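> Using only what follows, build the 3D model:
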Amino acid sequence: MYAIRDIRNYDIKGDGLPSKVETVAYVAHMAPLILTEKWIKEKYKCDIKLYVSLKSSYRSVEWEKSKGRSGYSEHTYNFLGACDITCDNFKENQGILLEALIAVTRYTRLAIYNGFIHGDYKNAQNDAYVYNSAWVRQTPIKRAA
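The predicted structure is shown next:
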């Protein structure tokens, strides 16, 4: 498991983050995830730890292309980046994690996979959605302005 409080865990390759990416990762992912973990603990009175799934937040364009992808993924941090988030006992706790991510973060796309939730900021705030793993919109995310 890759702790959300260690910036090294946001780099899938492990070579270290470019300085601009590191700043964005702190602000757009690490800080909100720490607050999300705290919110869960306070609301549910339990200690569910959050993790960066497989260190999958930042991926270089070269890394993406080496995996047969386009290189245009939100994970390449062209804007605010993306993060794949998991937690203790994901299958049992994914509903709590999703509720917390909606309540605490400003992610505009949350895609639910078998072992993690992908979060990014690609959509506008007024077009935020929960997606399934095939990237089909499931539920609009409603937040106070």
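
> In three-state terms, how would the spatially most central residue of the chain be classified?
Centroid-nearest residue in the chain: Cys83, 3.1 Å away (criterion: Cα atoms, centre = their mean). On the three-state scheme (DSSP: H, G, I helix; E, B strand; the rest coil), Cys83 is labelled strand.

> low pLDDT regions in the chain?
For the chain, not a single residue meets the criterion pLDDT under 70.

> can you list the residues that contact stretch 56-68?
The contact list for stretch 56-68, computed with Cβ atoms under 8 Å, 6 or more residues apart in numbering, reads 9-13, 17, 21, 25, 29, 70-73, 75-77, 81-84, 116. All C-beta atoms are positioned from the backbone trio N, CA, C, and that covers glycine.

> can you count the residues close to Tyr58?
Tyr58 has 27 neighbouring residues, counting by other Cβ atoms under 10 Å.

> what's across from it in the sheet?
Asp11 (DSSP bridges).

> distance of it from Thr76?
8 Å (Cβ to Cβ, to the nearest Å).

> picking up where we left off before, thought His29 was touching the residue nearest to the centre of the chain, still the case?
Yes: if you go by Cβ atoms under 8 Å, Cys83 and His29 touch, sitting 4.4 Å apart.

> Since that was my last question, I'll sign off now.
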